[in-house]
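J.: only the shape, not the letters, is given here:
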């Protein structure tokens, strides 16, 4: 069974040899630097090379951005490039580049090679309708923009969603990714950064516009949001999302609750990265906590964000060993699992 076949069957609720064994996010540079000093070969530098070294299913991310070389840069981290409607009209002229056929032909060739090799899960990522305006307004002004510039917010997202639909139709007609994700980070450790009313007015219309296009190609849609997503998981389910990640344990999230609330959704992550430095017994205890949810289906265990640099290479190897062990216990055999809606047709 190829990696691509495995994740599709797993999310469809069909029996598999094992759950996918992946790291959805790259490792911190400091983590990799430590491991290079502890035996990771110096030539193993890329995400793919490091995944291969540890024996993981390869999981590679392709991103698509809307900037061009003419797009202005922000003055610093968290600062925006749009303060009002006049700024937006000027900045918009530098956005939404046409797809470079030569670039994408090479990209499709590379993606198809990994598909034929059979050992790689590929996913596409774009910015979501919370993240994207935040990069334009800047962090603080973005949170005011729902009240100060509602029409401008909608105009930004309308233009972006139109461009995304053209991108999706082109890209997905050439290569079927195993899933895709919208980068959002709309929650923090106490819950969503906006109200349900704001979500319904400013985000939901655009997700309802673009997600059906993605589903036309049979591709599941995941939302990437850190923090406590206990409320947000229902909001994103309402607009058609098929899953969420990374389910950060320190934010108090509980995937078993999400499976009760949204049994058709899938989840990636949820393994508490903070326990990894304590060794095998602590990691096994964490896997035991998640195993009942894994057996219910729709949970692909992975570190709940990037592995921190306090984890030695030996402890990470032990984590991967345990990950395989527990992924082999979640095969969907004799289990009634509700498939993601995108596959339920």
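T.: Nice, I can see it. Because the structure is predicted, anything quoted here is derived from the model rather than measured.
J.: how close does the nearest residue to residue 189 once chain neighbours are set aside sit to residue 265?
T.: Nearest-residue entry for residue 189: residue 251, 4.6 Å, with adjacent residues in sequence omitted and distances by CB to CB, 6 or more residues apart in numbering. C-beta coordinates here come from the backbone N, C-alpha and C atoms, glycine included. For residue 251, the distance to residue 265 equals 18 Å [CB to CB, to the nearest Å].
J.: these two - which one has more neighbours?
T.: Taking neighbours as other CB atoms under 10 Å, residue 251 and residue 265 compare with residue 265 leading, 24 against 18.
J.: which residues are in contact with that one?
T.: Counting by CB atoms under 8 Å, 6 or more residues apart in numbering, residue 265 makes contact with 233, 237, 241-244, 258-259, 298, 340.
J.: and those as TSV, adding pLDDT and secondary structure?
T.: Putting these into TSV (pLDDT from 0 to 100; DSSP: H, G, I helix; E, B strand; the rest coil) gives the following:
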residue	pLDDT	secondary structure
233	97	helix
237	98	helix
241	98	coil
242	97	coil
243	97	strand
244	97	strand
258	96	helix
259	94	helix
298	89	coil
340	81	coil
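J.: any idea which helix is longest in the chain?
T.: Using DSSP state H, we find that the single longest helix of the chain is helix 150-172.
J.: who are the packing partners of the very next helix or strand once past it?
T.: Heading C-terminal from helix 150-172, the first helix or strand you meet, by DSSP states H and E, is strand 179-183. If you count contacts as 3 or more CB pairs under 8 Å, 6 or more residues apart in numbering; DSSP states H and E, strand 179-183 packs onto strand 120-127, strand 221-225.
J.: elements contacting the first one?
T.: If you count contacts as 3+ CB pairs under 8 Å, 6+ apart, strand 120-127 packs onto helix 3-11, strand 58-63, helix 101-117, helix 150-172, strand 179-183.
J.: ok, now the last one?
T.: Here strand 221-225 is seen to pack against strand 179-183, helix 204-216, helix 232-238, strand 243-246 when contacts are counted using 3+ CB pairs under 8 Å, 6+ apart.
J.: highest mean neighbour count out of these?
T.: The highest average neighbour count among the helices and strands packed on strand 221-225, using mean count of other CB atoms under 10 Å, belongs to strand 243-246 at a mean of 26.
J.: neighbouring contacts of that one?
T.: Strand 243-246 is contacted from outside by 11, 24-25, 179, 181, 220-226, 229, 232-233, 236, 258, 265-270, 298, 302-305, 340, using CB under 8 Å, 6+ apart.
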